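Asker: Got a sequence here, can you build the structure:
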Amino acid sequence: MLYRKQIDAAATEIDTVKRETLPRHEFADFVFAYAAIAIWSAKADRLTEAKTLLQALAPAEPIFNDRRLNLLLRVTETLASGTASGAAKADSTPKGGLATVAGFFEQKPNIAGIGFNFNAMIDYFARKKTKGEPGKSE
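Answerer: As a prediction, this is how the structure comes out:
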């Protein structure tokens, strides 16, 4: 949603989540997603809430703590400047891994229960930088 600039829709969707019912690992995912939405929206109230959530989060796994600290830095920068930099947006929504693959498939019933999300594929390839060309998408 964020890459398609559907920031308000993403914010509305995450606001429906009942935080208090989430298990610890899902709560961490929630905080990371909330922080990304806050960065992309650049709204002070969301950024302040994201900062509070990130500061209170204490993931045991080093990789998740590194992600938390990076998001905390980007949230604080965006809060101070009032706008999200390209680097803050890129760091808040990392590409690759399961997140990219998950965007390629719909989990809605259709032919054999699996369908391709062509919008996600187009979004992925549109933001992919061409190697050797500075300033171009990767």
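Asker: Which pLDDT value belongs to Arg19?
Answerer: Looking at Arg19, its pLDDT stands at 87.
Asker: For the host helix or strand of His25, which residues meet the burial criterion?
Answerer: Here His25 sits within helix 24-41, counting by DSSP states H and E. Under the neighbour-count criterion of 16 or more other C-beta atoms under 10 Å, helix 24-41 has 27-28, 30-41 buried. Yep, even glycine has a C-beta here, placed from its N, CA and C like the rest.
Asker: nearest to Asp66, of these?
Answerer: Distance to Asp66 across these (C-beta to C-beta) is lowest for Phe32, with 11.6 Å.
Asker: shouldn't that closest one be in contact with Asp66?
Answerer: No. Applying C-beta atoms under 8 Å as the test, Phe32 and Asp66 come out as separate, 11.6 Å apart.
Asker: sorry, back to before: using CSV, please lay out the buried residues of helix 24-41 together with pLDDT and distance to Leu47.
Answerer: Shown next, in CSV, are the buried residues of helix 24-41 (pLDDT from 0 to 100; distance: C-beta to C-beta, whole Å):
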residue, pLDDT, distance to Leu47
Phe27, 89, 19
Ala28, 88, 19
Phe30, 87, 16
Val31, 90, 13
Phe32, 89, 14
Ala33, 88, 14
Tyr34, 89, 10
Ala35, 90, 9
Ala36, 89, 11
Ile37, 88, 10
Ala38, 90, 5
Ile39, 90, 7
Trp40, 88, 10
Ser41, 88, 8
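Asker: Ala56: which of the residues you listed is nearest?
Answerer: So of the buried residues of helix 24-41, ranked by how close each gets to Ala56 (C-beta to C-beta), first place is Val31, at 8.5 Å.
Asker: thought that closest one was touching Leu53?
Answerer: Yes. Using C-beta under 8 Å, Val31 makes contact with Leu53 at a distance of 4.6 Å.
Asker: Backbone torsions only: list them for Lys43.
Answerer: Phi and psi for Lys43, reported as degrees, to the nearest 10, are phi -90, psi 130.
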